[in-house]
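> can't give you the sequence, but here's the structure:
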């Protein structure tokens, strides 16, 4: 299976809702330590399943940090994404959702 890796923004660049991850998903993705962190995901057509298809297509290198939206959390959990807790000196304890195939 071929997995999708979204376009990468430069670390430290402004987080913008205008940045396209796909034609129907806007957000923000950065690469760090061999992982692709996607802290911002927004569907241009809410309720059409675009976010679910986006999650299903992602590479095992992708991780979703600090999920604040209960609907997105449920989508990740139903797809088998697992939570890893990291202690960050700036943000404190951070939850990071990891791709279900990341450990294989």
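Sure, I can see it. The structure displayed is predicted, hence computed values, not measured ones.

> Run a quick neighbour tally on residue 56.
12 (other CB atoms under 10 Å). Where C-beta positions appear, they are placed from N, C-alpha and C, glycine not excepted.

> what about it, helix or strand, and which?
Following DSSP states H and E, one finds residue 56 within helix 50-57.

> That helix: what's the following helix or strand?
Counting by DSSP H and E, what follows helix 50-57 is strand 62-65.

> Residue ranges in the protein under the pLDDT threshold?
Low-confidence segments of the chain (pLDDT under 70): 1, 10-18, 103-104.

> Which stretches in it count as helices?
50-57, 70-78 (DSSP state H).

> Nearest to residue 20, out of those helices?
In terms of CB to CB, the element of these nearest to residue 20 is helix 50-57, at 11.6 Å.

> what about residue 28, distance to residue 41?
8 Å (CB to CB, to the nearest Å).
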